[in-house]
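>>> structure for the following, please:
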Amino acid sequence: MPVRRTSEAGFVTLQYVWMIATSLVLFTLVANVVVVQYGRAVVRSALDDGVRAGARVTTSLADAELACERAAEETRRDLLGGRLGDGVAVDCSPTAGEMRAEARSVFASWFPAVPDWSFTDRAAAVQEAAP
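Just a heads-up that it's a prediction; the model follows:
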């Protein structure tokens with residue numbers, strides 16, 4: 001006579017734990033993407049603020065470059081502090097009639113298997129002329 005098992009207690013526990021772990025990993029990956037997109041928007045805003053500040057009438061190209069870098073760094077520091085902002089480097093370069101800025105950013109991934117997020121953004125503004 002075959003033995004009949006009537007209790008299946010604990011059978012779903014392993015699958016439940018696996019699905020909860022998978023859901024948490026997926027949630028963390030999505031949160032990482034959201035944070036990186038926020039960081040990229042902040043870098044873009046910092047570049048825009050920098051080129052606007054550098055494009056104002058100044059006495060020399062060196063002053064324009066300094067104004068651009070200061071404004072970009074101030075915006076970046078205000079909106080993207082801590083470790084996330086440490087991977088951002090902004091370079092401003094004034095030319096005749098134009099202010100250009102470039103930011104190279106690297107945001108660390110939250111998982112070892114996922115590569116770091118890196119990108120380069122650029123912005124430009126026309127130098128204002130004195131009336």
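>>> in space, what's closest to residue 76 - neighbours in sequence excluded?
Spatially, and ignoring its direct neighbours in sequence, residue 76 is nearest to residue 46 (4.2 Å; Cβ to Cβ, 6 or more residues apart in numbering). Just so you know, the C-beta spots here come from the backbone N, C-alpha and C atoms, and that holds for glycine as well.
>>> correct me if wrong: the one you found contacts residue 70.
No: at 10.9 Å, residue 46 does not count as touching residue 70 under the criterion of Cβ atoms under 8 Å.
>>> those two - which one has more neighbours?
Set residue 46 next to residue 70 and count neighbours by other Cβ atoms under 10 Å: residue 46 wins out with 27 against 15.
>>> helix, strand or coil for the more buried one?
Classification of residue 46 using DSSP: H, G, I helix; E, B strand; the rest coil returns helix.
>>> distance of it from residue 93?
The spacing between residue 46 and residue 93, counted by Cβ to Cβ, to the nearest Å, is 16 Å.
>>> what's near enough to touch the residue most central in space within the chain?
By Cα atoms, centre = their mean, the chain has its centre lying nearest to residue 39, at 2.5 Å. Residues in contact with residue 39 (Cβ atoms under 8 Å, 6 or more residues apart in numbering) are 80, 84-85, 88, 105, 107.
>>> so what pLDDT did it get?
Model confidence at residue 39, expressed as pLDDT, equals 95.
>>> in stretch 40-47, which residues are buried?
By neighbour count on 16 or more other Cβ atoms under 10 Å, the buried set for stretch 40-47 is 40, 42-43, 45-47.
>>> same question for stretch 23-34.
For stretch 23-34, a neighbour-count test (16+ other Cβ under 10 Å) marks residue 32 as buried.
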